[in-house]
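*Asks:* Turn this into a structure:
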Amino acid sequence: MNSSPKARWFDGTPFPGPVPSRAGAALVLVMMVLSLGVVLSFALLQAQTAHMFLQRNANHLDRARQLALSGVSAALQQMRNPQWAGVDTGFQRTVGTGQSFHVSYTAGDDQLTPGDADYWLWPYRVTVTVTGRSEDPSNPQIASEHTIRLVVQLVPEQLAPVPAAWTTSLQYALFQRYRSGKQNAVVEVPCQIQGRSRFQKKLKYMNSYPLPDQAAQRLAADWHLIYQAQQGEYRTFTDEVELPLNKQSGRTLQALQALGVPVTDKAKNSSEDWPLKQAIFSYQLYPGGPVFQAEQLSASLQDTVLEPDPTTNPLGLYYRMGSVELGEDVQIHGTVLTYTFWNGSLRLNGTNILIEPVSMLPLQGENKPVQLPAVILLQHLEVEEDCSAEIRGAVYVSDRLRVYKDSQADISLQIQGPVSMERLDIQARDEWDQGAQWWDATWQEFQQSGDPLFALWLLQNKGLDSTPQIVLSGPSDQVRYHWPDARYPIYVHPSEEEGLQWDLVRWEETGP
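*Replies:* Numbers count the residues shown, from 1 in each chain. Sure thing, here's the model as predicted:
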């Protein structure tokens, strides 16, 4: 038989072993196919396992988000509860094995920063952070979390209670509170009270200058005629004056009637008074909100601008346990409070002085900002000579409001808000403070002049200008004035059953 050809290498050299048979090659091919099948099966098994893990993780992620959504609902329900614990608190709830959510409340909104137009809204906002967590029951180390972060803003519905007499006082530009003893009010011209006035006892009006009674009446009547002719408003009182008629002098009553304003008989009323219950060193804007600290003032200020800080003192409450003097170029955006009755005065003793309270959020359904008084003083408000000051808000003086004697050119006091005090002393203007002999001669000279208006004649011939430089313009119908009480936040729950209301400002979600 012919022997099988020898296998050779590519270069022709015989191969040392026998050539494999076809059966052996087939076996090798089968083994390769089987190995490939095992590999493919293993790969398929791995793919199925990975898909199973991915599906399980997706389920955990979805479940974590659903838990976070449940937490949001619970968090907002708590904020609507009158018993809400407030900011810097939180709670956690478990809703099943390995299923839970955690809630935390933080004051403010970290996206509001100084320079932002809405930065003043920081104290009315709360950041609510809710994290839902879903764990694998068989392996708690395997878990998914989803976080929802929302910012809400207070919707004020109710202010804290205020004294009844405070509410009454807001009907007047000038309101004299009742106190036993002498409470005489001195109002000397030129000055102006634009709105209703309430006096508890004797009003001394146009009494400082020794004008003849007829001259005083004629001057008041001329101011009324000028007003009717729409040529200017020089009247001291522009609206109703309420006071006990039996306490008044004939000169005062005749001069008031000559102004052409209603004069109403109203007896003194001991209930028309209210005190500041206690000093306000800290305060809240709403129940559960952050507690802010009032800032202490130095005894004397000049070349100073004080602004509220939304994160620490949003209402700009500035206090002193004693008296404060404001000198040149002082601007205060907030409320000035002085404590201690025997030494709690505010002295305005410079030019370019401005005090203006902070405007807070209006109540729901209104567009009037809420304001505290611009000043709350437990003794006097003293307006010194050569003073130029403006107060754009309510004024509460526990004892006396006094404007010192000065010239027309050197005094300017503008109060744009309701004023309440127990004693009033608006003193004479230097140009007008002439002796009895001078006034008698002046009155006779006018009568002989034939001029129709005494007020204009005084300006043209004696340089006595009737233009008021001391003006109390009364309450604004564009502001809701509020009396503070250290026992309550500014805004309160609308009822014992209803909590605070909130608007959603922003919603953010983050997952793994």
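
*Asks:* which residues of the stretch 301-450 of the chain fall in helices?
*Replies:* Ranges of helices in the stretch 301-450 of the chain, per DSSP state H, counting those that start in this stretch, are 436-449.

*Asks:* wait, what's in contact with residue 293?
*Replies:* By Cβ atoms under 8 Å, 6 or more residues apart in numbering, residue 293 lies in contact with 281-282, 312-313. Yep, even glycine has a C-beta here, placed from its N, CA and C like the rest.

*Asks:* For the stretch 51-200 of the chain, just list every one of the helices.
*Replies:* Going by DSSP H, counting those that start in this stretch, the stretch 51-200 of the chain shows helices at 164-169.

*Asks:* in it, what spans have low per-residue confidence?
*Replies:* 51-60, 139-140 (pLDDT under 70).

*Asks:* For stretch 233-251, buried residues please.
*Replies:* Within stretch 233-251, the residues scored as buried using 16 or more other Cβ atoms under 10 Å are 234-238, 241-244, 248, 251.

*Asks:* who does the longest strand seen in the chain pair up with?
*Replies:* Longest strand in the chain, counting residues (DSSP state E): strand 139-155. If you go by DSSP bridges, strand 139-155 pairs up with strand 125-136 (antiparallel), strand 501-510 (antiparallel).

*Asks:* Tell me which of the ones you listed sits nearest to residue 340.
*Replies:* strand 125-136 (36.4 Å; Cβ to Cβ).

*Asks:* Now do the closest one: distance to the chain's middle.
*Replies:* Computed by Cα atoms, centre = their mean, to the nearest Å, the separation of strand 125-136 from the middle of its chain amounts to 31 Å.

*Asks:* quick one on the thing from earlier: distance to residue 472 added to the strands paired with strand 139-155, as TSV?
*Replies:* Below are these laid out as TSV (distance: least, Cβ to Cβ, whole Å):
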stretch	distance to residue 472
strand 125-136	37
strand 501-510	37
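
*Asks:* Any chance of a PyMOL selection covering the buried ones in the contacts of residue 293?
*Replies:* The buried residues among the contacts of residue 293 can be selected in PyMOL (16+ other Cβ under 10 Å) with this line:
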select buried, resi 313
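
*Asks:* Which of the contacts of residue 293 fall within strands?
*Replies:* Short answer: those in strands (DSSP E) are residue 282.

*Asks:* can you tell me which of the contacts of residue 293 lies nearest to residue 301?
*Replies:* residue 313 (16.3 Å).

*Asks:* Check the closest one and give its pLDDT.
*Replies:* With respect to pLDDT, residue 313 has a value of 98.

*Asks:* For it, which residues are in contact?
*Replies:* Neighbours of residue 313 in contact, by Cβ under 8 Å, 6+ apart: 292-295, 334.

*Asks:* Would you mind confirming that residue 333 makes contact with residue 314?
*Replies:* No. Taking contacts as Cβ atoms under 8 Å, residue 333 lies outside contact range of residue 314: 11.1 Å.

*Asks:* if you count what's nearby, which of these two comes out ahead?
*Replies:* residue 314 (22 against 19; other Cβ atoms under 10 Å).

*Asks:* was I right about that one contacting residue 123?
*Replies:* Yes. If you go by Cβ under 8 Å, residue 314 and residue 123 touch, sitting 4.3 Å apart.

*Asks:* which neighbours do these two share?
*Replies:* Both residue 314 and residue 123 are contacted by 285, 292, under the criterion Cβ under 8 Å, 6+ apart.

*Asks:* Apart from its chain neighbours, what residue comes closest to residue 67?
*Replies:* residue 132 (3.0 Å; Cβ to Cβ, 6 or more residues apart in numbering).

*Asks:* Could you list the buried residues of the longest strand of the chain?
*Replies:* Buried positions in strand 139-155, judged by neighbour count with 16+ other Cβ under 10 Å: 144-154.

*Asks:* Endpoint to endpoint, stretch 74-92 covers what distance?
*Replies:* End-to-end distance for stretch 74-92, by Cα to Cα, to the nearest Å: 10 Å.
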